[in-house]
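Q: Let me see the structure of the following:
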Amino acid sequence: MLASASLARHARERGLVPVRVRPDIVFLGRDRRFSHARLALAANAIRAGAELVVANPDLVHPGPGGAVVPETGALLAALLACTGPVSYRLIGKPEPTLFATGLALLDLPKRAVAMLGDNPRTDGEGARRFGLRYVEIADGVFPQAHGETACPRQKGVIALPA
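A: Modelled structure (predicted):
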């Protein structure tokens, strides 16, 4: 697991066993402890046949004073640079499963919900795919990957009926 300590703890509480040798799955999330050694372990595990599961493709998120904070997608780019093109499964935004699960937990219809987010490429695109309104809540700088276009954004506040 290349992810936060809290996410690794959550995985262990759910019965998953993180290993460093011959894993079946390499999970990639936002990992502030990302290092050359962790990159090498993950890349070699994937090259040996481990499935790659990725939390989200966000490259960055906005930090204090307009600073760029590296996100999971930036780590994914480093990993793919080492493995070459491999297939992987996205489990977070912009995939619909995340949005469907959230809506089910809220027990609300789509018309009563808006996705608030700071990244039009993942938050906004996920909302669009799932049929939700999208409201951008921060002005961030999000680099475009080659050939991608940003999701149209709506700035401001949407008042939802109670």
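Q: Just give the number of residues close to A112.
A: Residues lying near A112 (other C-beta atoms under 10 Å) number 12. No exception for glycine: its C-beta is placed from N, CA and C like everyone else's.
Q: Sketch out the strands for this protein, chain order is fine.
A: In the chain, the segments counted as strands under DSSP state E are 25-28, 51-54, 60-62, 68-70, 89-90, 114-117, 133-136.
Q: so which of those gets nearest A3?
A: Taking C-beta to C-beta, strand 25-28 is the member of the strands of the chain nearest to A3, at 6.1 Å.
Q: how close does V68 get to A81?
A: 19 Å (C-beta to C-beta, to the nearest Å).
Q: Between those two, point out the one with more neighbours.
A: More crowded of V68 and A81, by other C-beta under 10 Å: V68, with 15 against 10.
Q: What pairs with the helix or strand bottoming out on mean pLDDT in the chain, parallel or antiparallel?
A: Scoring the helices and strands of the chain by mean pLDDT, DSSP states H and E places strand 60-62 at the bottom, with a mean of 84. Using DSSP bridges, the strands paired with strand 60-62 are strand 68-70 (antiparallel).
Q: Run through who's touching the partner strand.
A: 59-63, 141 (C-beta atoms under 8 Å, 6 or more residues apart in numbering).
Q: Understood, closing this out.
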